[in-house]
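K.L.:
kindly return the folded structure for what I paste below:
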Amino acid sequence: MASPTMTGLVAGSHLRNELQVLHGNEEPRPPTRQSVSKICRVCGDEIGYKEDGELFVACYGCGFPVCRPCYDYERSEGNKCCPQCNIRYKRHKGCPRVAGDAEDDGDDDDLDNEFQMKVHRDSPDHNHVVAHSENGDYNPQQWQQPNVPAFSSFTGSIAGKDFEAEKELYNNEEWKERVDKWKARQEKRGLVSKDGGNDQAEEDDYLMAEARQPLWRKVPIPSSKISPYRIVIVLRLVILAFFFRFRILTPANDAYPLWLISVICEIWFALSWILDQFPKWNPINRETYLDRLTLRFEREGEDNSLAPVDVFVSTVDPLKEPPIITANTVLSILSLDYPVEKVSCYVSDDGASMLLFDTLAETAEFARRWVPFCKKYNIEPRAPEFYFSQKIDYLKDKVQPSFVKERRAIKREYEEFKVRINALVAKAQKKPEEGWVMQDGTPWPGNITRDHPGMIQVYLGSEGALDVEGKELPRLVYVSREKRPGYDHHKKAGAMNALVRVSAVLTNAPFMLNLDCDHYINNSKAVREAMCFLMDPQLGKKLCYVQFPQRFDGIDRHDRYANRNIVFFDINMRGLDGIQGPVYVGTGCVFNRPALYGYDPPVSEKRPKMTCDCWPSWCCCCCGGSRKSKSKSKKGGGGVFGGLNGKKKKTMIKSYSKKGSPVFDLEDIEEGLEGYEELEKSSLMSQKNFEKRFGQSPVFIATTLMEQGGLPQGTNKTTLVKEAIHVISCGYEEKTEWGKEIGWIYGSVTEDILTGFKMHCRGWKSVYCMPKRPAFKGSAPINLSDRLHQVLRWALGSVEIFLSRHCPLWYGYGGKLKWLERLAYTNTIVYPFTSIPLLAYCTIPAVCLLTGKFIIPTLTNLASIWFMGLFLSIIATGVLELRWSGVSIQDWWRNEQFWVIGGVSAHLFAVFQGLLKVLAGVDTNFTVTSKAADDSDHGELYLFKWTTLLIPPTTLIILNMVGVVAGVSDAINNGYGSWGPLFGKLFFAFWVIVHLYPFLKGLMGRQNRTPTIVVLWSVLLASIFSLVWVRIDPFLPKQTGPILKQCGVEC
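P.N.:
Presented below is the predicted three-dimensional model:
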């Protein structure tokens, strides 16, 4: 993969035909030519040649591509049949016999080679072979280096770096035990001799077999944990049915309005529980094998064949998002445990801030020392701020004598680096009247934030930008898209789409990692974890993204406001992983680039139906098979909106080649179609239609057709830089499908949910990856007001989706979205509306205590059973859920509490704000102002910021407390007979108060003093409500007897 490299800032506007290089630049590296190879559909290895020079074909029936080692492995250990047609494999010359082989299978003159495991090591040259895609279509692995096969043969000798890396994972005794166990299995199968042999060769054979194994495996939840959980869910459904039968058929006549409201609320809660519960029916875990990834794609003496990755970091305002945090995120990316030439970091500055520009310049300079230090001593995490702040023994497992000295030196340099960043921040507090000026005297192009040209600056990745040890560093690119008045720039979604386009023009890696500026890489092997799925020969082409859980730093030990979202990330997401995949949560996600381009996933090749030769051909239709169907060509699955297949891609490549811009070999994108002459005659999609979808950039359109990444051949630095400025211009997306069907989808402030939903509707799958060491960590607001404001934004986005055409209730029924996945997406957009019945239900206990009425009439014995059964089933469901997920009861309880707190505050405001915004066009904002906070640990936890979101929960607490006092006082006055009915009312009132308790603590702050404004508003509302209720009192029985008058007689 080639890319332009430059050291100067390039700014320009396509609309104004401007392009200016503010500093010098360097010549780009020449583009590389890609190679092709035919790969095994089982392990991804090369399919070699036989002794006679012909391509090895395992199955003569269907020709399903399988390499020689997998063929031998299937015959010796598997079911001895072809994976596609299920016809038994015939024995080839040189292969050992197995039980069931016919006498005439193979030749009789190869007995000498029957038990030799290394027969196919001396096979002829493997370089002139053709790649085979997952669904049987020809498709090269274009992320390979020049003149190197896409996948090297695993039958060659595996030694050196890969062998040592594998052995380092175990001590000598463990390694010997593993090899001995493998030898015992091989001897039992008769594949190796029991006589002594070369130990090194035996270990090579073991590693060869290990490299052919899958890169990941699905780990189902043990049936002893999941089966009781499912049984309780079914029982709870049955109990709910009988419970509602009782509630509906036995109304409370003396409190009919309260009874009716409570029944409606309970029905809504039941529907919400169903939407939330059933997507968790089949939770799974996944386990990756990084050692196998290394054995398969990183061979000693061969070019590294791991896929390139583009990493996106988005930021808007460096004064609100501290530059030192963004710098740490960038440093953790540049220090990834991944080949440096395959990593490119793009930082989007949507505020066109010179502060961030200078911060990245300082970061690039510090990275020259930080990156080699991280890789030399293998430290974690590789964000310096968080590494040096760890309260652990940093000398553990460190044996190099120079470590302490170098650590002290790099820590001192980092402190100096922080001081320089602080100086930049202090300087940026006051903008000069003439605007910012760069170091060379050039005016900063982004002085007017909302009216500036597009800007691109490459800091690292060039031949001159090496680290202190003389090694190359990953590419670091600063991007600020063009902004002009009168254009809708679509906030973060628009910035991410700009990064997709500019990265496609400059590097075009097949995979993209999306991170927020405050989410650093906590596990340097995170990208390798994702590659275990995305580079899997069977699953990888069907994956739109690999989602990692979000983990957070700086949260208090008790997690008062459920900032960690443990229940969602460790329970709900694992449940979705067992259906069609987790939802996209906005950060910590590795994307498959074709999925963002609106292509459909590849269509799996169906196995042809079996037919017999004893009946006439016309009878095959009755038997359920057809020979003609085998010869029909399969359409490719990479279509735009289900319509763009391999033919259209080839036509477009041909049209762009005629323009004088050679893109790549026409066979590179063929999806199972043969005969170029036939395709040349029928053009199924014109160049104009492509430009309507992707925009008017020939280079970018050419890159979208390169499914495995890489840059068009014949391009140069000038062309690519000009196109990069073009694709980030403010008018590029006009009259295109960007934001509608391509890239991040517009129309909601929660663009992440909408983007993932569109991919799943097209049939893509996603995977949830939970490595033992968290892949990414970020920061979260820990004080009450900021947390509620964050939840308000999420809920508002869900309401916007609910009121749009993309609502899961009615969108995408013609697609490939699974029903349980649809239930999960429906739950993500209707949950804010639960705030209305929740608010009503939390008010009912106070009303019952103040009026002496109750929503439930006197219970019979049978009704008591249903009530007890419902409560027990709710408790059992929660306990069993914690049992299979491993979530602590404290995290589960905090989640339940904040569900009530957020529901009666942020979610409620989001519903009304969303309705006003979508239906009336009124955009309301809830401003947040802050007071001073303590400087101690978690001081921000006690920071109070006034917001109107605090009023409804405070009012509910006061109402229920007043109700409890009134109810107890009434029971004391009326004697023992009134205590029985009181307990039910008190139970519901305490249920509300206990759930709102963290909110009450947040109001009190460290000094246990509630702000006066909150108390005044809440007491005022509670008093007004109570007085109005006493004045009206709809439950007071009306007098219907005769009217009594004074008789006038003095008695």
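
K.L.:
local confidence estimate at the residue lying closest to residue 449 once chain neighbours are set aside?
P.N.:
Leaving aside its sequence neighbours, residue 449 sits nearest to residue 352 (C-beta to C-beta, 6 or more residues apart in numbering; 5.5 Å). For the C-beta atoms, the positions are set from N, CA and C on the backbone; glycine is no exception. At residue 352, the model reports a pLDDT of 85.

K.L.:
which strand or helix spans residue 352?
P.N.:
If you go by DSSP states H and E, residue 352 is not part of any helix or strand.

K.L.:
what is the neighbour count of residue 974?
P.N.:
Residues lying near residue 974 (other C-beta atoms under 10 Å) number 12.

K.L.:
hmm, back to that, any idea how far the residue nearest to residue 449 lies from residue 454?
P.N.:
10 Å (C-beta to C-beta, to the nearest Å).

K.L.:
what is in contact with those two at once?
P.N.:
residue 480 (C-beta atoms under 8 Å, 6 or more residues apart in numbering).

K.L.:
the more surrounded of these two?
P.N.:
Comparing residue 352 with residue 454 by other C-beta under 10 Å, the one with more neighbours is residue 454, at 29 against 23.

K.L.:
correct me, but that one touches residue 489?
P.N.:
No: with contacts defined as C-beta atoms under 8 Å, residue 454 does not count as touching residue 489, sitting 11.9 Å away.

K.L.:
which residues are common contacts for the two?
P.N.:
residue 481.

K.L.:
not counting residues beside it along the chain, what's closest to residue 329?
P.N.:
Counting by C-beta to C-beta, 6+ apart, the residue nearest residue 329 is residue 520, at 4.6 Å.

K.L.:
local confidence estimate at residue 105?
P.N.:
Looking at residue 105, its pLDDT reads 47.

K.L.:
that should have said residue 231, apologies.
P.N.:
For residue 231, pLDDT reads 94.

K.L.:
kindly report the same for residue 885.
P.N.:
Predicted confidence (pLDDT) for residue 885: 90.

K.L.:
mind checking how far it is from residue 816?
P.N.:
Per C-beta to C-beta, residue 885 is found 28 Å from residue 816.

K.L.:
same check, this time on residue 472
P.N.:
Remark: distance between residue 472 and residue 816 (C-beta to C-beta) = 42 Å.

K.L.:
what's the answer for residue 1003, then?
P.N.:
48 Å.

K.L.:
more crowded one of those two?
P.N.:
Each of residue 1003 and residue 816 has its neighbours counted (other C-beta under 10 Å); residue 1003 has more, 21 against 16.

K.L.:
shouldn't that one be within a strand?
P.N.:
No: with DSSP: H, G, I helix; E, B strand; the rest coil as the criterion, residue 1003 is located in helix rather than a strand.

K.L.:
re the thing from before, any idea what the residue nearest to residue 329 is bridged to?
P.N.:
residue 777 (DSSP bridges).

K.L.:
surely it touches residue 384?
P.N.:
No: counting by C-beta under 8 Å, residue 520 does not reach residue 384; the two are 9.8 Å apart.

K.L.:
shared neighbours, these two?
P.N.:
Common contact partners of residue 520 and residue 384 (C-beta under 8 Å, 6+ apart): residue 328.

K.L.:
for the helix or strand harbouring residue 426, packing partners?
P.N.:
Assigned by DSSP H and E, residue 426 belongs to helix 403-428. The contact analysis (3 or more C-beta pairs under 8 Å, 6 or more residues apart in numbering; DSSP states H and E) places helix 403-428 against helix 323-334, helix 354-377, helix 384-388.

K.L.:
got the buried residues for that helix?
P.N.:
Buried residues in helix 403-428, counted by 16 or more other C-beta atoms under 10 Å: 403, 407, 410, 414, 417, 418, 421, 424, 428.

K.L.:
ditto for stretch 850-858
P.N.:
850, 851, 852, 853, 854, 855, 856.

K.L.:
residues contacting stretch 248-261, please?
P.N.:
If you take C-beta under 8 Å, 6+ apart as the criterion, stretch 248-261 is touched by 263, 840, 844, 847-848, 851, 853-857, 863, 1034-1035.

K.L.:
after the helix holding residue 426 comes which helix or strand?
P.N.:
Heading C-terminal from helix 403-428 (DSSP H and E), you reach strand 454-460.

K.L.:
and that following strand, which strands flank it?
P.N.:
Here strand 454-460 is paired, per DSSP bridges, with strand 9-13 (antiparallel), strand 475-480 (antiparallel).

K.L.:
picking that back up, residue contacts, the residue nearest to residue 449?
P.N.:
Residue 352 touches 445, 446, 449, 452, 455, 480, 483, counting by C-beta under 8 Å, 6+ apart.

K.L.:
quick check, nearest of the residues you listed to residue 227?
P.N.:
Set against residue 227, the nearest of those by C-beta to C-beta is residue 480 (54.9 Å).

K.L.:
what's around the closest one, how many residues?
P.N.:
Neighbours of residue 480 using other C-beta under 10 Å come to 28.

K.L.:
and it, what does it touch?
P.N.:
By C-beta under 8 Å, 6+ apart, the residues touching residue 480 are 348, 349, 350, 352, 446, 452, 454, 455, 456.

K.L.:
one step back: and the strands paired with strand 454-460: which comes nearest residue 588?
P.N.:
Using C-beta to C-beta, the strands paired with strand 454-460 put strand 475-480 closest to residue 588, at 20.0 Å.

K.L.:
okay, the angle between that closest one and helix 323-334?
P.N.:
When axes from the mean of the first three to the mean of the last three C-alpha atoms, to 10 degrees is applied, the directions of strand 475-480 and helix 323-334 differ by 140 degrees.

K.L.:
name the nearest residue to residue 790, sequence neighbours excluded.
P.N.:
In space, residue 790 is closest to residue 781, 5.7 Å off (C-beta to C-beta, 6+ apart).

K.L.:
that neighbour: which element?
P.N.:
Going by DSSP H and E, residue 781 is not in any helix or strand.

K.L.:
so how far is residue 561 from it?
P.N.:
Taken as C-beta to C-beta, the span from residue 781 to residue 561 is 9 Å.

K.L.:
what's the answer for residue 790, then?
P.N.:
10 Å.

K.L.:
the two: which is more packed in?
P.N.:
residue 561 (28 against 16).

K.L.:
list the contacts for the residue nearest to the more buried one when sequence neighbours are not counted?
P.N.:
Of all residues beyond its chain neighbours, the one nearest residue 561 is residue 787 (4.6 Å), with distances taken as C-beta to C-beta, 6+ apart. Contact analysis of residue 787 by C-beta under 8 Å, 6+ apart lists 561, 563, 780, 781.

K.L.:
ok, and the most crowded of the residues you listed?
P.N.:
Comparing the contacts of residue 787 by number of neighbours (other C-beta under 10 Å), residue 561 comes first, having 28 neighbours.

K.L.:
assign a three-state SS to it, would you?
P.N.:
Per three-state DSSP, residue 561 ends up coil.

K.L.:
same question for residue 348.
P.N.:
Relying on three-state DSSP, one would call residue 348 strand.

K.L.:
test my guess that residue 354 contacts residue 443.
P.N.:
No: counting by C-beta under 8 Å, residue 354 stays clear of residue 443, with 10.2 Å between them.

K.L.:
who touches both of these two?
P.N.:
Common neighbours of residue 354 and residue 443 (C-beta under 8 Å, 6+ apart) are residue 436.
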